[in-house]
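Engineer: I need the structure of the sequence given here:
(2 chains)
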Amino acid sequence: MSERPTQPDNTRIVRRLLLTVVGMFAFGFALVPLYNVFCDITGFNGRFTDGQAAANTKTVDTSRTINVQFITRVNKGMPWGFEPEVQSVRVHPGETKVINFFAKNLTGKNMVAQAIPSVAPGEASLYLNKVECFCFNQQPLAAGSDTAMPMQFYLDPEIPEHIHTVTLSYTMYDMTENAQPDALAALAQPVN
Amino acid sequence: MSTVVGEVDQHDDHHHHAPSGITRWLFTTNHKDIGSLYLWFSFIMFLVGGSMAMVIRAELFQPGLQLVDPHFFNQMTTVHGLIMVFGAVMPAFTGLANWMIPMMIGAPDMALPRMNNWSFWILPFAFSILLASLFMEGGGPAFGWTFYAPLSTTYSSDSTALFVFSVHIMGISSIMGAINVIVTIMNMRAPGMSYMKMPLFVWTWFITAFLLIAVMPVLAGAVTMVLTDKYFGTSFFDAAGGGDPVLFQHIFWFFGHPEVYIMILPSFGIVSAIIPAFSRKKLFGYASMVYATAAIAGLSFLVWAHHMFTTGMPVFAELFFMYCTMLISVPTGVKVFNWVATMWRGSISFETPMLFALAFVILFTIGGFSGLMLAITPVDFQYHDTYFVVAHFHYVLVSGAIFSIMAAAYYWLPKWTGHMYDEKLAKTHFWASLISVNVLFFPMHFAGLAGMPRRIPDYSIAFADINQIVSIGGFAFGLSQLIFLWVVIKCVKGGEKAPTKPWEGAEGLEWTVPSPAPYHTFDTPPEVK
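Structural biologist: Numbers count the residues shown, from 1 in each chain, chains lettered A, B, ... in the order given. Sure thing, here's the model as predicted:
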């Protein structure tokens, strides 16, 4: 009859298992940056994190026309008006377009907002390049005032053949509580 | 209750003077005591979570809002799910593991008895916190057991912090239990008990314990992120701050899918013990059972996004997760065919444990088939968030996991209590449960296919009849479980004396010790040939 395993043996296994537990807890948090990298590379989920694109130097591909739709919404409880100048435009890949978006602060207080973009299908987000966008910065708006915000974009001619429609959606969030200093400075100047 | 169980254990206990009264249970490090505590606790939680299901079914008995307001209805669906998953099914399995694993591998106790005591005794606190949150202003958690952001962050009530802490405690308890199981199995096996000689219940729990260690910390991370998003201004899941609510679903289901196997793998072990015993044949394909269990556990990490087909994933990802999900049916099929092959030309008798095990095989397979239907991406767009999903996971969890726990309880009750249970009453429990569980869950498939959404307190009058039938099944199933309580209490209190091995075809070291199992077993390790 052999001896029962000794105590240190238990300790070693427990230590390894506890390390695994700590490692998996850290892995849960590591999923956050991993997910962001994954989304940037694949365009997964239509997230749009690459920011400003270089100026358009592509040749226009007139053989194709893609319908680009614009959707705007304000987050729940956000008292702003927010609309694109057109619901959709038809563009050739490589062609640069400027679309204006109109925002109006419907409240009696100064506010700062941030528009968050999303692209459907997610795959198309890799080919939608924004040269200029109001969504790159926070938007300060004094009480009751309105503004026109330009967005300049082009579609990369490499965009896959099967994509005929691209939907660009913006959601406007209230950031007054977490405004950046330059957005607050813009508001501090007297209106009109 | 405790005094009743106490009486039983004093029997045959010639070299141990256990402290009596409540301190015996508070300070116990005995695996059998802790196993009993887990089992009783899980049964109480089963009744608590069950009464919440009764509230849900009573509200859904008729279309329109009649009994409870929608916010309370949401709290009922949420807490019912949390209690049943973390309070009923998981502790019941841990209780069975505590009772049976040392006896099955010829060990005197669990490897880490003091931690074993802790892992049980923090559980009542976790569930007291969770249940107490229901009485707070603003109510308890109402965002579904899956606590999707932003429901659990932006739109949740102030009790969310309590929810988060209770989940943390449940997680710590499960992790401690899992560590204990792994160390016990690796270090405490009797001489000659090689890994490939271990009973399948031990094997399936061994694999389950590794799953627990891998995913419970991820759940802890997810609830921590919800906590900091809600109270400390982080933006893990808040799009306005650069986060992404869909990320929550990825993290949650990375935990969530292995979690559903955590709740079914030990069932496979139980059924693999019972079917050979009552077929009076060896288990067909032991090694393939072990490998199939490991394969299911491995695949469970590659399928999480099948819960998220409607979030707008690229087609490639949808296909990947669809095929991986379908692949799981291969090792699962191996198991089902092995059980059938075990019964083939066996000399079968139909005592209650066998009846529950047979019902498990058939009903779990139905749940598996509806799971296969849900795995098909294009049709999942129709089934998603309907009663079809509710029907599917209740088939695998109630008539799957819970039926296997009932089977295990009947199978080992003579060993635990030293008495035979009342077979006639137990059979009544079985047939009442079997019929009512199908009246309860089968029509839900049709309600779901017709488009009835889940987690909504009101519905179109087109679904009125079907919901009435479902509710009647629900009340009947709920009441039937009181018969189980009656059988168990009756068996603990007395009954026909159980022999060392009450089942003719049963195999395993647990049947070599007297019934009831003495307080200490295998002080000297048995020799396994």
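
Engineer: Any residues of the stretch 301-450 of chain B in contact with chain A? List them.
Structural biologist: Residues of the stretch 301-450 of chain B lying close to chain A by CB under 8 Å from any CB of the partner chain are B:311-314, B:317. Just so you know, the C-beta spots here come from the backbone N, C-alpha and C atoms, and that holds for glycine as well.

Engineer: Make JSON lines from these and add neighbour count, pLDDT and distance to B:R114 to it.
Structural biologist: Formatted as JSON lines, the entries for these read as follows, by neighbours: other CB atoms under 10 Å in any protein chain shown; pLDDT from 0 to 100; distance: CB to CB, whole Å:
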{"residue": "B:T311", "neighbour count": "15", "pLDDT": "89", "distance to B:R114": "45"}
{"residue": "B:G312", "neighbour count": "15", "pLDDT": "81", "distance to B:R114": "50"}
{"residue": "B:M313", "neighbour count": "19", "pLDDT": "84", "distance to B:R114": "46"}
{"residue": "B:P314", "neighbour count": "16", "pLDDT": "82", "distance to B:R114": "50"}
{"residue": "B:A317", "neighbour count": "18", "pLDDT": "89", "distance to B:R114": "46"}
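
Engineer: Does A:W80 touch A:L106 like I think?
Structural biologist: Yes. Between A:W80 and A:L106 there is a contact under CB atoms under 8 Å: 6.1 Å.

Engineer: neighbour-wise, which of those two wins?
Structural biologist: The neighbour comparison of A:W80 against A:L106 (other CB atoms under 10 Å in any protein chain shown) goes to A:W80, with 19 against 15.

Engineer: now the more buried one, nearest residue through space, not along the chain?
Structural biologist: For A:W80, the nearest residue in space outside its immediate sequence neighbours is A:V74; the separation is 5.2 Å by CB to CB, 6 or more residues apart in numbering or on different chains.

Engineer: so where's chain A shaky on pLDDT?
Structural biologist: Counting by pLDDT under 70, chain A contains low-confidence residues at A:1-8, A:45-51, A:188-192.

Engineer: ranges for the strands of it?
Structural biologist: Listed in chain order, the strands of chain A (DSSP state E) span A:66-74, A:80-84, A:88-91, A:96-105, A:111-120, A:128-133, A:139-141, A:146-155, A:165-174.

Engineer: ok so B:P499 is a strand residue?
Structural biologist: No. B:P499 is assigned coil when assessed by DSSP: H, G, I helix; E, B strand; the rest coil, not a strand.

Engineer: Against B:T228, how distant is the one residue in chain A that gets nearest to chain B?
Structural biologist: As assessed by CB to the nearest CB, chain B sits closest to A:G28 within chain A, at 2.6 Å. With the distance defined as CB to CB, to the nearest Å, A:G28 ends up 13 Å from B:T228.

Engineer: Give the residue from these two that has the larger number of neighbours.
Structural biologist: More crowded of A:G28 and B:T228, by other CB under 10 Å: A:G28, with 22 against 15.

Engineer: check which helix or strand covers the residue nearest to the more buried one when sequence neighbours are not counted.
Structural biologist: Distances taken as CB to CB, 6+ apart put B:G221 closest to A:G28, at 2.6 Å, once the chain neighbours are dropped. Per DSSP states H and E: B:G221 is located in helix B:200-231.

Engineer: How about B:L283?
Structural biologist: Under the criterion DSSP H and E, no helix or strand holds B:L283.

Engineer: Check B:A294 too.
Structural biologist: Using DSSP H and E, the element containing B:A294 is helix B:286-299.

Engineer: name the helices or strands packed onto that helix?
Structural biologist: Helix B:286-299 is packed against helix B:200-231, helix B:245-262, helix B:265-279, helix B:315-343, with contacts defined by 3 or more CB pairs under 8 Å, 6 or more residues apart in numbering or on different chains; DSSP states H and E.

Engineer: Throw those helices into a markdown table and include distance to B:R24, thanks.
Structural biologist: A markdown table is the format used below for the helices and strands packed on helix B:286-299 (distance: least, CB to CB, whole Å):
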| stretch | distance to B:R24 |
| --- | --- |
| helix B:200-231 | 26 |
| helix B:245-262 | 30 |
| helix B:265-279 | 27 |
| helix B:315-343 | 40 |
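
Engineer: Tell me if I'm right that B:P525 and B:P191 touch.
Structural biologist: Yes. Distance between B:P525 and B:P191: 5.8 Å, which falls inside the contact criterion (CB under 8 Å).

Engineer: quick one: which of those two has more around it?
Structural biologist: For B:P525 versus B:P191, neighbours defined as other CB under 10 Å are more numerous around B:P525 (21 against 14).

Engineer: How is that one assigned, secondary-structure-wise?
Structural biologist: coil.

Engineer: okay, now the residue nearest to A:V119 when sequence neighbours are not counted: neighbour count?
Structural biologist: Sequence neighbours aside, A:S125 is the residue nearest to A:V119 in space, at 3.8 Å (criterion: CB to CB, 6+ apart). Summarising burial for A:S125: neighbours were counted as other CB under 10 Å, giving 24.

Engineer: ok, now B:S404?
Structural biologist: 29.

Engineer: how close does it get to chain A?
Structural biologist: Computed as CB to the nearest CB, to the nearest Å, the B:S404 to chain A distance reads 26 Å.

Engineer: what sits against that residue?
Structural biologist: Shown in contact with B:S404 (CB atoms under 8 Å, 6 or more residues apart in numbering or on different chains): B:266-267, B:270-271, B:356-357, B:360.

Engineer: repeat for B:F252
Structural biologist: Shown in contact with B:F252 (CB under 8 Å, 6+ apart): B:146-148, B:219, B:222.

Engineer: overlap between those and the residues near chain A?
Structural biologist: B:219, B:222.

Engineer: Now flag whichever of the contacts of B:F252 is closest to B:S20.
Structural biologist: Proximity to B:S20 was ranked across these by CB to CB; first place goes to B:L219, at 38.4 Å.

Engineer: contacting residues for residue 30?
Structural biologist: Unless you meant another one, I'm taking chain A. With contacts defined as CB under 8 Å, 6+ apart, A:A30 has no neighbours.

Engineer: Not quite, go with chain B.
Structural biologist: With contact set as CB under 8 Å, 6+ apart, B:N30 has these partners: B:18, B:109, B:113, B:519-520.

Engineer: Please apply the same query to B:T417.
Structural biologist: If you count contacts by CB under 8 Å, 6+ apart, B:T417 has them with B:8, B:491-492, B:495, B:498, B:515-516.

Engineer: how about these, which pair is most distant?
Structural biologist: Farthest-apart pair in those is B:V492 and B:S515; separation 13.0 Å (CB to CB).

Engineer: So for those two, which sits in the more crowded spot?
Structural biologist: Applying other CB under 10 Å to B:V492 and B:S515 shows that B:S515 carries more neighbours, namely 24 against 21.
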